[in-house]
Each structure stands twice: as C-alpha cells, then as structure tokens.
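# Here is my input, please return the structure:
(chains A and B)
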Number of protein chains: 2
Amino acid sequence: MTVPADVVADLSEDELIASFLPLLPRGGRTLVPNGDDAAVVAAPDGRFCVSTDVLVAGHHFRLDWSSGADVGWRAAMQNLSDIAGMGAEPTAMVVALVLPPATPVAWLHDFCRGMGEACAPLGVGVDGGDLSAGEQLVVAVTVHGDLGGRAPVLRSGARPGDVVAHSGRLGRSAAGYALLASGRRGGADEELITDFLRPRPALAAGPAAARAGASAMMDVSDGLLRDGRRLARASGVVLELGPLEETVPGAVAQVADAAARLGVEPVDWLLSGGEDHGMLATFPAGTTLPDGFVALGRVSAPTAELPAGTVTVAGAVPDVTPGWDHFRP
Amino acid sequence: MTVPADVVADLSEDELIASFLPLLPRGGRTLVPNGDDAAVVAAPDGRFCVSTDVLVAGHHFRLDWSSGADVGWRAAMQNLSDIAGMGAEPTAMVVALVLPPATPVAWLHDFCRGMGEACAPLGVGVDGGDLSAGEQLVVAVTVHGDLGGRAPVLRSGARPGDVVAHSGRLGRSAAGYALLASGRRGGADEELITDFLRPRPALAAGPAAARAGASAMMDVSDGLLRDGRRLARASGVVLELGPLEETVPGAVAQVADAAARLGVEPVDWLLSGGEDHGMLATFPAGTTLPDGFVALGRVSAPTAELPAGTVTVAGAVPDVTPGWDHFRP
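Model prediction:
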C-alpha cells in the first residue's frame, strides 16, 4: 500500500479493494477473477452448488475474542462446510463486507489472510466481493461447489432402516465457547478454544459419503439435535441415536474435563453445540461407512408417539436446548 | 402463516423462513431449490458468472423512502445488472439478510415480494439465503448468470478506435434521489422518483451487446464518469465522449425541469449519478450498434496529457464529483 491508512474511512473504496486483492487466493476453477462486473467460474459437469451464510459481529463472533484472520477463517469454513454437506467439492466464493468506518485497515487485511488460509489449500478462489460502510461489521459469504457428476445428497433421502452416521468433531466448539464465555482458559482447554475460533469442518467427509452412497446428509452447524431434526423432518422419518457415551466415547471424553469445571453435562455440548461442522449422514443398511464416519444410530418410520422430525437419544427425546437460534436467544 | 407475529423477533428462524419461502420464485435453471445445505443450479455451458452486492439501510436505501418491496426490487435489480454487464443472462440468486429484531414481519414479506417481482419475469430463482439478527438492516445478494456459450465481455477489452456506446437510463436515478432529498415531489417528478426507487437496468442490452461483438462492457452503477474511468483504466485507454446534449439530448431533456428547480446542471446528473444501471460498452468501429445503444464517443490511446483511465467530455476532463463512494462521502 502506498497510502498510509489506519482505518478504512481513510481510503476510498477503490483504494481499499486494491490494498487487499493481492491477499485473496485465485481458485483453480476461476476463469475470470475479481475486477469485472462478475467473476466467471468453471462448472464442468454443467451444474453448480451455491450456499450463502452471513456472520454479524456480536452475534456470530466477538471482535475481542476473534482476530480478523479468525473471522475470515470462520466465514470461509462454515460456508465450505455447506458445500461438503451436499457431497460436493468447493470451488469459489464471493464475499460482501459491511465495515464500520473505524475498522482498522490491518483488521481487514488480516481477515483476507484468514479467508486465504482456509481457501487456498483447497484450490478455492475468493473471486468477487463488495464493500460498504455500516454501523456493524457484517460478513456475507456465498460459496460454490462442484458435484463431480454425482447426484447431490439431500436432507430428504433418509429411509427407515438406514444407518445414521457422523464424521468430524462434536461438542468441541460449544466447549470452547463456554470456556471463553466463563473466562476460564489455559492448559488443555486451549485446543477447545482454538476449535471454536477456528472450526475445522469435515470437508472431505462430504464427497466421501456421497461416493459411498449416502442417502441423506447435512453439515451440523446448529447442533446435532437441531440439525438432526431438520434432516428427519425433510425425510419424513425419526432418527434413533444410541447413547453418545457408547457411540462416540472419545468425543465425550475430550470435553469431559472442561464440562466438569463448568458444571455442564458433556453430552449436552455434543447434542446442542453447533459450529463444529461435522457431516451428519444416513447410509443404506450394510453400507461400509467411509473413513471417519461413526454410526450413531438408525432411521425409523414415524409413529403416533414419535412423529417425523423426532430425534431420540438412548430411547428418549432429549430434554436439551436444541441449539442456536438467531432470533430466539 | 399460522403464528401471529408483528416483528421478526416473535418468530424462530425456521418459522420466519417457512413464512416467506412461498413468496420467492423458483428459477428455470434451479435443480435443487431452497431447503438443503446448498441449492443446485444448471450451468449448461460449463461456466457460471457470479457477482455479489450488499445494501445497507441508511447507506443504499432509506426505510422512510423505500418500501420493503422497493428494497427487494433494488437489491435484485442492481445484482441482475452486473450479470448483464458481462453479456450474460441471469439465472439464480441467493440472499443473506441481517434484520434488526424489531423489523416488521410484513416488511420482510414485502421485501420478498419485491425480489420476486424483479426475478420471476426473468425466470430467475431466489434459491437460497441466510438470516441473522443485527443492529442494522443489511441485504447481501449474490447473483449468477449464464453466458450461453459466449465469451464474457470484460472491462479490459476496449481498443483505440472503438465506439463508446450506452444503453439505458442516465441521470434519472440521481434526479429522483435529489428530488426526494429536497422534499420536492409531485407532477412529472414522480416518474424520476420511481426510477430512483425502482431502478430498471438495461438487462437485455448486455447479452445483445455481447452478440454484436462488444469489445468491453460494464453496468453503470456508480456514474458514467466513475465507471467510465474504471473501464478506461482496465483497458489502458482514454474514453473521449461528445457533449451529452448532442449524444443523448432526450436524457438531458428528461431531467432538465427537475434540475432547473433544484439549481443543478442536468448534465452533472448524467455524468455522476449512479444506479440507473445502463450498459456502457465499446464496439469495434463500424459495428452496427444493437437496438437501444447510442454512441457517446470513441476510444483513444493514452497520451502524456491524457493517461489511461481518463474520460473526457466535449474535449475536457469534466470538473464533476465523480460519483458515489461508500467510504468517502
């Protein structure tokens, strides 16, 4: 940058864009990059997946907890995870940013580096964007993916008799959040906090599940219970999960110490904690589960007592707050 | 809706989404609509265009001037225009919304109807979205387009000797904005105000220009002068425009009365006013301009006096504020 500038209001929109464009990765599928009215991206099988997710400062992240790079990483990863949830590979994203005028230019550059750290290793380009001033920092990412000729794996394909399985982390992000909120940090807990600040979705698990014949899938962004109910409702089925202490004992053990310190049931974090972005999928009985997937239970037909959309755990409907809702805290 | 609700905070995110989904159009290219982790859209020529634009209440629209439907229309149209600016046809969009908790549910539904009014006649789907609570209303739209096998028309292709041409409105949105800001409404001015509140981009002109062999193109969102400079800079050329009173006398005449009442030079609105979303294109000399395009001048090589990126009008570099900048008012 040739213009010395501390905050974004010191620069024009064109100067700002010129200052951070070199920090953004160009993807392997990018045909026309940033700089025109639109980018052009290859879609070799004649289709593309598209999903959008918005993050608002104070709602989805706290500027005193997350660095700019953390926010960029998170914004990228939670979007990339939606592509994996379809069984697709991510190809390109665009980013709209609303920045308070006092936002440090260094924060913006750090944000771009965080997006790049998430996208570049995957060959995903950050191929377009828009900037506006505003009162509150908002990041809106739209991500695209390629199905590689496969059918998309929808939420609606689960059938009675299927196996319910999961790949990725469970409860770690919720634990990290609770630790930060409580002010208790240090020692072994740092890894949980890092998992909250820098989520690592099970991106490879999505296409792997599709190739293995998954009947339904979604990424777990709002908690196993809440997202499981969405999948069950879309499929018109019930998900009957076994006790998590038996199916994913390692995940329970990893958060047990932190849970004990905070007086929380560790299983509650696994059931209601969002933002770990694992893949929840169902497979026809007898399918060899892809690497990383663990069977959690089975799909059953709805009944008068257990209507479609129900998730049971160890035979009961859990009495746990079912995850994050942006409009009902 | 079965849930009586006045403001969005009365509903859960799932309830809100269920209440407005039926108001959004499904597009002709939509393979998997709303409801999964991602939508799937057809890209028959193996590529797609993508662009994103963000609108912030108080910056891009005023809630006391624009209805929800006006905001939805504007958000859709200014995005659709970016697709036309590449010479492509729009196919699908996704929308991320940040809503203050006190936003009336009726406003949100009105917004969806406005988006639908803009998109449905074009066969464009609103195929995905995300919602969050926040302090300030923000609309982030990402739009996709199909090039129909043609090369995209970039900003960088203008060559000395090319004709500079424009299709669509010029200065009308700026006039409407100035009239609203001045509090003077009524009579003939209502049409100008409507053109500000409900911009009508030259969407068909984009693909028509591409088919006619346009060498460069962009949509005029930030003013003829500012966007002309961007095209000239990207192409490494100078745009020499004739007097607008001679090239587009009708456009000057249409805003002359309002300009006189407000004590403004009408040509200044044509040069610096954005958001009319006409198409600015260059064509090799001798090209028969497509219907609707009017020649404004010609492309010349840069010189020591007139470096690349310069726009002249009637032989001079205009002394006019060169249009909207979000970070420098």
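
# Spell out, range by range, the helices that occur in the stretch 151-300 of chain A.
Under the criterion DSSP state H, counting those that start in this stretch, the stretch 151-300 of chain A carries helices at the ranges A:172-182, A:189-197, A:205-212, A:224-235, A:244-247, A:249-262, A:266-272.

# Among those helices, which comes closest to B:R172?
helix A:224-235 (45.7 Å; C-beta to C-beta). (C-beta placed from N, C-alpha, C; glycine too.)

# one step back: of all the helices of the stretch 151-300 of chain A, which one comes closest to A:A308?
Across these, closest to A:A308 is helix A:224-235 (C-beta to C-beta), at 6.1 Å.

# Does anything pack onto the closest one? Which helices or strands?
strand A:216-219, strand A:238-241, helix A:266-272, strand A:279-283, strand A:311-313 (3 or more C-beta pairs under 8 Å, 6 or more residues apart in numbering or on different chains; DSSP states H and E).

# so for stretch A:244-256, what's the average pLDDT?
Averaged across stretch A:244-256, pLDDT comes to 96.

# Please work out which residues outside that stretch touch it.
Stretch A:244-256 is contacted by residues A:166, A:169-172, A:174-175, A:192, A:241, A:266-267, A:269-271, A:294-297, A:313 when judged by C-beta atoms under 8 Å, 6 or more residues apart in numbering or on different chains.

# Counting neighbours, which bits of that stretch end up buried?
Residues of stretch A:244-256 classed as buried by neighbour count (16 or more other C-beta atoms under 10 Å in any protein chain shown): A:244, A:247-248, A:251-252, A:254-256.

# hey, C-alpha coordinates of that stretch in PDB?
Coordinates of each C-alpha in stretch A:244-256 appear next as PDB, following Å, rounded to 0.1, in the frame of the first residue of the first chain:
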ATOM      1  CA  LEU A 244     -23.300 -40.900  22.800                       C
ATOM      2  CA  GLU A 245     -21.100 -42.200  25.600                       C
ATOM      3  CA  GLU A 246     -21.200 -45.500  23.700                       C
ATOM      4  CA  THR A 247     -21.100 -44.400  20.000                       C
ATOM      5  CA  VAL A 248     -18.600 -41.500  20.300                       C
ATOM      6  CA  PRO A 249     -16.900 -42.100  23.700                       C
ATOM      7  CA  GLY A 250     -13.800 -40.200  22.600                       C
ATOM      8  CA  ALA A 251     -15.700 -37.100  21.800                       C
ATOM      9  CA  VAL A 252     -17.400 -37.200  25.200                       C
ATOM     10  CA  ALA A 253     -14.000 -37.800  26.900                       C
ATOM     11  CA  GLN A 254     -12.400 -34.900  25.100                       C
ATOM     12  CA  VAL A 255     -14.800 -32.300  26.600                       C
ATOM     13  CA  ALA A 256     -15.400 -34.100  30.000                       C
END
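
# just how off-centre is it within its chain?
Relative to its parent chain, stretch A:244-256 has a centroid offset of 21 Å by C-alpha atoms, centre = their mean, to the nearest Å.

# Could you do stretch A:235-242 as well?
Worked out by C-alpha atoms, centre = their mean, stretch A:235-242 lies 22 Å from the chain centre.

# just to revisit the earlier point, now the helices of the stretch 151-300 of chain A in JSON lines, with distance to A:D130?
Output for these, formatted as JSON lines (distance: least, C-beta to C-beta, whole Å):
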{"stretch": "helix A:172-182", "distance to A:D130": "29"}
{"stretch": "helix A:189-197", "distance to A:D130": "26"}
{"stretch": "helix A:205-212", "distance to A:D130": "28"}
{"stretch": "helix A:224-235", "distance to A:D130": "30"}
{"stretch": "helix A:244-247", "distance to A:D130": "42"}
{"stretch": "helix A:249-262", "distance to A:D130": "39"}
{"stretch": "helix A:266-272", "distance to A:D130": "35"}
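
# So which of these is nearest B:V41?
Nearest to B:V41, of all the helices of the stretch 151-300 of chain A, is helix A:205-212, at 18.0 Å by C-beta to C-beta.

# ok and that closest one relative to strand A:279-283, angle-wise?
10 degrees (axes from the mean of the first three to the mean of the last three C-alpha atoms, to 10 degrees).
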